[in-house]
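Engineer: Structure of the sequence below:
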Amino acid sequence: MDKVSLKDFLGDQMEEDFLEFDLTAIQEVLQSLEEETAHDLVHAELLQQKSLRGADILSEYLCKIVKTVSYLETKINRTKNKVSLEYIAPEGSRTTSEMKKWAGESSSEVEELQIRLAKAKASKLILEKKYDILIRSHHHYKDIAQGLRKSILGYTLTKVPEGYE
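Structural biologist: Coordinates of the predicted model:
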């Protein structure tokens with residue numbers, strides 16, 4: 001197996017093209033979970049695996065979107081500061097700190113960065129919600145599988161797993 005490092009997950013760019021993340025597999029998993037019912041133990045375990053696979057894909061996208069959000073926030077602050085420092089009042093009048101602050105905050109470059117940041121944060125929210133649904137689905141099917149093991153197979157655990165007391 002080839003070496004896999006965190007760089008492979010994070011990517012080379014500081015700002016990812018997050019709007020192009022391919023969510024086809026995630027939507028297929030969610031559609032499948034919506035339409036299918038766990039009829040037996042094998043099917044319940046299969047649905048558990050599907051849920052986890054979708055969550056795994058989303059976790060890779062989430063790390064990239066967190067990196068992008070952090071980068072954009074830093075870039076906004078840097079751009080605001082740069083514009084503020086470079087601002088000079090027109091017609092040679094006195095330049096106040098309020099004027100410099102306003103210039104930094106109203107810069108078109110800062111506005112464009114803030115729009116990109118808003119899109120990144122909204123994308124992150126979507127990914128987090130889908131991730132949460134998949135993890136909850138995994139636990140739901142895990143509980144179903146556990147119940148099927150107990151009722152059909154007569155299998156009982158001698159020790160209850162942590163969190164299921």
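
Engineer: quick one: contacts for the most centrally placed residue in the chain?
Structural biologist: The chain has Leu62 as the residue nearest its centroid, 3.1 Å off, counting by C-alpha atoms, centre = their mean. Counting by C-beta atoms under 8 Å, 6 or more residues apart in numbering, Leu62 makes contact with 124, 127-128, 131. In this view, the C-beta of every residue, glycine as well, is placed from N, C-alpha and C.

Engineer: Include pLDDT and neighbour count when you put those residues into CSV, please.
Structural biologist: Output for the contacts of Leu62, formatted as CSV (pLDDT from 0 to 100; neighbours: other C-beta atoms under 10 Å):
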residue, pLDDT, neighbour count
Lys124, 97, 18
Leu127, 97, 22
Glu128, 98, 13
Tyr131, 97, 19
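
Engineer: Just the ones of those in helices?
Structural biologist: 124, 127-128, 131 (DSSP state H).

Engineer: nearest to Gln31, of those residues?
Structural biologist: Nearest to Gln31 among those is Tyr131, at 16.4 Å by C-beta to C-beta.

Engineer: At which residues are the helices of the chain located?
Structural biologist: Assigned by DSSP H, the helices in the chain fall at 6-10, 24-35, 41-86, 97-105, 108-152.

Engineer: Could you export those helices as a markdown table, including distance to Asp17?
Structural biologist: Formatted as a markdown table, the helices of the chain follow (distance: least, C-beta to C-beta, whole Å):
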| stretch | distance to Asp17 |
| --- | --- |
| helix 6-10 | 14 |
| helix 24-35 | 16 |
| helix 41-86 | 9 |
| helix 97-105 | 27 |
| helix 108-152 | 11 |
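
Engineer: Any stretches of the protein with poor pLDDT?
Structural biologist: Across the chain, the ranges flagged by pLDDT under 70 are 152-165.

Engineer: and with 80 instead?
Structural biologist: Filtered on pLDDT under 80, the chain yields the residue ranges 8, 92, 151-165.

Engineer: Tell me how far Ser93 lies from Gly54.
Structural biologist: Ser93 sits 59 Å away from Gly54, going by C-beta to C-beta, to the nearest Å.

Engineer: the more surrounded of these two?
Structural biologist: Set side by side, Ser93 and Gly54 show more neighbours around Gly54, with 26 against 9, by other C-beta atoms under 10 Å.

Engineer: which ones are touching the more buried one?
Structural biologist: Counting by C-beta under 8 Å, 6+ apart, Gly54 makes contact with 25-26, 29-30, 130, 134.
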